[in-house]
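>>> okay, here's the prediction I keep looking at, along with the sequence it came from:
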Amino acid sequence: MAKIKIIYGSAGGNTEMVCEKVAGILSAHGHKVEMLKAKLTDPMKLVKGGEHGDFDLLILASPTYGHGQLEQYFDKFLQGLAAVELKDRNCAIIGLGDPKYDSDYHIESAKFIMDFLKKKGAKILHMPLRVSKCPLPLLIGHVDKWAEKINDQLKEMGNV
Ligand SMILES: Cc1cc2nc3c(=O)[nH]c(=O)nc-3n(C[C@H](O)[C@H](O)[C@H](O)COP(=O)(O)O)c2cc1C
């Protein structure tokens with residue numbers, strides 16, 4: 001059983017819906033999953049020994065807004081997270097977007113979070129989950145498959 005934190009920003013609810021699906025699947029595999037809104041979470045609480053620091057996997061999730069930007073509260077959260085040691089800690093990424101807003105920056109949030117975590121020396125599990133357009137038709141067959149892959153990787157690492 002792994003302790004998993006999912007921290008997300010979601011202005012319109014799509015990212016929250018995707019995170020809930022992922023949380024449901026990972027919980028069904030016996031993991032202890034906690035979802036936290038970036039808007040209400042102090043990044044400093046993720047330090048080891050902090051209120052939210054005891055995790056085996058940290059999943060960071062944000063949609064893309066305003067030509068390749070992160071959701072505003074998630075952006076603020078990530079700026080704070082820069083001060084938190086994440087070296088060798090297991091992380092995974094969820095990014096949402098829609099090419100109709102800006103095809104040059106389609107799901108740029110996933111790339112942004114990936115670059116951030118690489119710089120921090122985090123261990124990134126599997127590939128980022130990228131969700132384009134309305135997530136509803138993708139919850140089964142895309143989102144759930146990603147969550148299963150994450151579970152497989154946790155299993156390989158001895159967390160199940
Ligand atoms: C004003 C606005 C700007 C957006 N800009 C982008 C963008 O640059 N790239 C992208 O891939 N998606 C963009 N999107 C699409 C959102 O990322 C997408 O609708 C997402 O599902 C919203 O997630 P949320 O409901 O969790 O907030 C934009 C949406 C809006 C409303």
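On my side now, so go ahead.
>>> around the ligand, which positions in this protein sit nearby?
Applying CB under 6 Å from any ligand atom, we find that the chain lies next to the ligand at 10-15, 63-68, 71, 96-98, 101-102, 105-108. Glycine gets a C-beta too; all of them are placed from N, C-alpha and C.
>>> so how do I select the buried members of those in ChimeraX?
The buried residues among the residues of the chain next to the ligand can be selected in ChimeraX (16 or more other CB atoms under 10 Å) with this line:
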select :10,14,15,63,64,65,68,71,96,97,98,105,106,107,108
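>>> could you list which of the residues of the chain next to the ligand belong to strands?
Among the residues of the chain next to the ligand, the members found in strands (DSSP state E) are 63-65, 96-97.
>>> quick one: low-confidence parts of the chain?
Scanning the chain for pLDDT under 70 picks out 159-160.
>>> could you point out the longest helix of it?
As assigned by DSSP state H, the longest helix anywhere in the chain is helix 14-28.
>>> would you mark the buried spots in that helix?
Across helix 14-28, burial judged by 16+ other CB under 10 Å covers 14-23, 25-26.
>>> now stretch 145-160
Buried residues in stretch 145-160, counted by 16+ other CB under 10 Å: 146-147, 150-151, 153-154, 159.
>>> quickly name whichever of the residues you listed is closest to the ligand.
Nearest to the ligand among those, counting by CB to the nearest ligand atom, is residue 146 at 15.8 Å.
>>> is it fair to say that closest one lies in a strand?
No: secondary structure assignment (DSSP: H, G, I helix; E, B strand; the rest coil) places residue 146 in helix, not in a strand.
>>> that one is in contact with residue 129, isn't it?
Yes: applying CB atoms under 8 Å as the test, residue 146 and residue 129 come out as touching, 4.3 Å apart.
>>> pick out the residue in this structure sitting closest to the ligand.
Closest point on the chain to the ligand, by CB to the nearest ligand atom, is residue 97, at 2.2 Å.
>>> wait, isn't that residue in contact with residue 132?
Yes: Residue 97 is within contact range of residue 132, at 6.0 Å (criterion: CB under 8 Å).
>>> neighbours of residue 45, how many?
When neighbours are counted by other CB atoms under 10 Å, residue 45 registers 14.
>>> if we can go back for a sec, nearest to residue 78, of the buried residues of helix 14-28?
Nearest to residue 78, judged by CB to CB, of the buried residues of helix 14-28 is residue 15 at 13.9 Å.
>>> verify the stated contact: the closest one with residue 63.
Yes: the pair residue 15 and residue 63 qualifies as a contact (CB under 8 Å) at a distance of 5.0 Å.
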